[in-house]
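In: sharing a model that was predicted from the sequence below.
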Amino acid sequence: MTFPDGTEGLKDVDLAIAPGEFVSIVGPSGCGKSTLLKVASGLVTHTGGKVWVDRDQLGYTFQDATLLPWRKVQDNVELLMELRGFPPAERARIAREKIDLVGLTGFENHYPQRLSGGMKMRVSLARSLALNPAVFMFDEPFGALDEITRERLNDEVIDLYQREQFTGIFVTHSIPEAVYMSSKVVVMSARPGRIQEVFDVPFAYPRRPEMRYQADFSELCGEVSLSLRRAIEG
Ligand SMILES: Nc1ncnc2c1ncn2[C@@H]1O[C@H](COP(=O)(O)OP(=O)(O)OP(=O)(O)O)[C@@H](O)[C@H]1O
């Protein structure tokens, strides 16, 4: 991916993600993680190479929740279905179901400004879940949240992943978050982003919070961290 001003965003990226995997992507700041998601999702058109992604049912959450402030929670969750032409009764029913799934039942009539950061992210997740994504891309969705909220949302996303059985691609700056959530962790090199190393995460789902304090978890985090350090140092 080369941008119009000549900046090389990605180069020689070779990555296969199988259906049902949950893959996290870590890498130095500015290495092209968001660009990789944008290329994969079709938000930007790549300038070379080939991309195969089933985009029929694609979910995407961004670094901030991107809610419409003048719409209540229910109406924000209905937005994508509205754009796709779902009949009103059906989209209202699906929205209620997904609001329940993310634990926000009772907040349907609240406007975003009355919600905490974590609740806004849950609304954003519910909005994407409404379209039953087969592939769900997350661009560092919890970076702005406090640690406890972030860890709780990690558990909730993993719970959703297991229930809804989507393929997850999750960009994060946090190595423990990447290892905790994923079946694979991909380390990218500094820009132009390449795939530096792929780690298989051997722990079974569902993941349990205690896992974060186990020796084998810390060991794997250490290995990913060293790889990231090599990526930064070039
Ligand atoms: N439209 C654009 N035109 C030119 N350069 C761009 C454009 N979009 C992104 N870039 C550059 O491409 C590189 C990769 O950007 P990207 O946002 O994908 O990085 P990232 O790894 O997600 O960063 P971060 O971890 O800081 O969020 C950066 O150096 C960025 O400045």
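Out: Cool, got the structure.
In: which residue sits closest to the residue sitting nearest the centre point of the chain, ignoring its sequence neighbours?
Out: For the chain, residue 138 is the residue whose C-alpha lies nearest the centre (C-alpha atoms, centre = their mean; 1.6 Å). Computed as C-beta to C-beta, 6 or more residues apart in numbering, the closest residue to residue 138 that is not its neighbour in sequence is residue 170, at 4.4 Å. Quick note: C-beta positions are derived from backbone N, CA and C, even for glycine.
In: and that neighbour, what helix or strand is that in?
Out: For residue 170, the host element (DSSP states H and E) is strand 167-171.
In: what does residue 45 give?
Out: Counting by DSSP H and E, residue 45 is found in no helix or strand.
In: surely residue 122 and residue 152 touch.
Out: No: taking contacts as C-beta atoms under 8 Å, residue 122 lies outside contact range of residue 152: 10.0 Å.
In: those two: who's more crowded?
Out: The neighbour comparison of residue 122 against residue 152 (other C-beta atoms under 10 Å) goes to residue 122, with 24 against 16.
In: any idea how far the closest residue to that one other than its chain neighbours is from the ligand?
Out: For residue 122, ignoring the flanking residues on the chain, the nearest one in space by C-beta to C-beta, 6+ apart is residue 102 at 4.1 Å. Distance of residue 102 to the ligand, computed by C-beta to the nearest ligand atom, to the nearest Å: 24 Å.
In: ok, now which ones touch residue 102?
Out: 122, 123, 125, 126, 129, 156, 160 (C-beta atoms under 8 Å, 6 or more residues apart in numbering).
In: the fifth one reaches residue 159, doesn't it?
Out: The one in question is residue 129. No: Residue 129 is beyond contact range of residue 159, at 11.7 Å (criterion: C-beta under 8 Å).
In: which residue lies farthest from the center of the protein?
Out: Largest centroid distance in the chain under C-alpha atoms, centre = their mean is residue 89 at 28.9 Å.
In: element containing that residue, please.
Out: Using DSSP H and E, residue 89 maps to helix 88-101.
In: for that helix, which helices and strands make contact with it?
Out: In terms of contacts (3 or more C-beta pairs under 8 Å, 6 or more residues apart in numbering; DSSP states H and E), helix 88-101 is packed against helix 73-83, helix 117-129.
In: got the angle between the last one and helix 73-83?
Out: What that stands for is helix 117-129. 30 degrees (axes from the mean of the first three to the mean of the last three C-alpha atoms, to 10 degrees).
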